[in-house]
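K.L.:
Fold the following, please.
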Amino acid sequence: MAQPTGWVPVLQVDTDLAARLPDDTIAAAEAVALARTEWLDAGEWRPEVPDAGERAAHLGLLVLDGFLARRVEVLGRPVTELLGSGDLLIPWEPDRTEPFRSGARWEVLDAAQIALLDRRFTALLGRWPEITVALLGRAVSRSRAFALTLAISQIVGVELRVLALLWHIAERWGVRDDSGIVMPMHLTHELLASLISAQRPTVTRALSHLAAEQLVTRRDDGLLVVHGEPPSQFRRLQQANGS
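P.N.:
The predicted structure follows:
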């Protein structure tokens, strides 16, 4: 369920987006580049589809806070994409999976806040095309991140797959503390399994082995923490993916 929450100055709340822009653009636009926002409750999400006139000038939904999962199933095989702060979504666009029948299912993992980059917002951006270009860069970054997740799912050995995926998440959204990098969301064994194309019991065993080696631990609040350095296989995948 979506709950309207007012307006936000996008360039002030999304500092990474602002960092992609010239100083004079930020000075001119940050106080007026306002977007409507909504909070999404945890659980299944059925995105509202704008009417045709609105869709023609709608840049999509920008995730400001929280995490979502996008699940697509083709010939009985599920593929899951993890989305979080900074990702740009256009959830009403049809999935191009011909000749297979497929459709995306959306789940809000934790309550998430999104900004609606609608016709009113895009009309405003006509004065600053560099902001549109920066948002397009977000779409490209999301595509590369998903491609890296798919590459990780092909690594031989579930323990290494789990470890590489956790480092991928850590480097995108993790929070460093004295012991390592903390995952910013609760990752169930089922979700991890769907992200790396594995079975849940296999992921449970892999996490137990990684914990015994002190490469991954779980805090009292249930959040996972990675320690040390990412595996070399993950670094090679990053380089091959252009990240």
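K.L.:
how near is residue 152 to residue 191?
P.N.:
Distance of residue 152 to residue 191, given as Cβ to Cβ, to the nearest Å: 14 Å. The C-beta positions use only the backbone N, C-alpha and C, and glycine is treated the same way.
K.L.:
which one of these two has more residues nearby?
P.N.:
Regarding residue 152 and residue 191, a neighbour count based on other Cβ atoms under 10 Å identifies residue 152 as having more, with 24 against 20.
K.L.:
which ones are touching the more buried one?
P.N.:
Each residue near residue 152 by Cβ atoms under 8 Å, 6 or more residues apart in numbering is listed here: 161, 164, 165, 168, 196, 234, 237.
K.L.:
Where does the fourth one fall, secondary structure wise?
P.N.:
Put plainly, it is residue 168. Using DSSP states H and E, residue 168 sits within helix 158-173.
K.L.:
That helix: what's the following helix or strand?
P.N.:
Reading on from helix 158-173 to the C-terminus, the next helix or strand found by DSSP H and E is strand 175-176.
K.L.:
Quickly run through the sheet partners of that following strand, with directions.
P.N.:
According to DSSP bridges, strand 175-176 has the following sheet partners: strand 181-182 (antiparallel).
K.L.:
Output the next helix or strand after the strand it pairs with as PDB, restricted to C-alpha atoms.
P.N.:
Counting by DSSP H and E, the next helix or strand C-terminal to strand 181-182 is helix 189-195. These are the backbone C-alpha positions of helix 189-195, laid out as PDB (Å, rounded to 0.1, in the frame of the first residue of the first chain):
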ATOM      1  CA  HIS A 189      18.000 -17.300   3.500                       C
ATOM      2  CA  GLU A 190      15.100 -17.600   1.000                       C
ATOM      3  CA  LEU A 191      15.900 -14.100  -0.500                       C
ATOM      4  CA  LEU A 192      19.600 -14.800  -0.700                       C
ATOM      5  CA  ALA A 193      18.800 -18.100  -2.400                       C
ATOM      6  CA  SER A 194      16.600 -16.500  -5.000                       C
ATOM      7  CA  LEU A 195      19.300 -13.800  -5.700                       C
END
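K.L.:
is it fair to say residue 80 lies in a strand?
P.N.:
Yes: read with DSSP: H, G, I helix; E, B strand; the rest coil, residue 80 is one of the residues of a strand.
K.L.:
Report the contact partners of it.
P.N.:
Remark: with contacts taken as Cβ under 8 Å, 6+ apart, residue 80 is in contact with 69, 70, 71, 191, 194, 195.
K.L.:
Show me the beta-bridge partners of the residue nearest the centre of the chain.
P.N.:
Against the mean C-alpha coordinate of the chain, by Cα atoms, centre = their mean, the closest residue is residue 83 at 2.0 Å. Beta-bridge partners recorded for residue 83 (DSSP bridges): residue 68.
K.L.:
again, but for residue 104
P.N.:
Counting by DSSP bridges, residue 104 is bridged to residue 72.
K.L.:
what's the distance between it and residue 52?
P.N.:
From residue 104 over to residue 52 the distance is 20 Å, taken as Cβ to Cβ.
K.L.:
Tell me which of those two has more neighbours.
P.N.:
Neighbour tally, residue 104 and residue 52, criterion other Cβ under 10 Å: the higher count belongs to residue 104, 16 against 7.
K.L.:
All good on my end, thank you.
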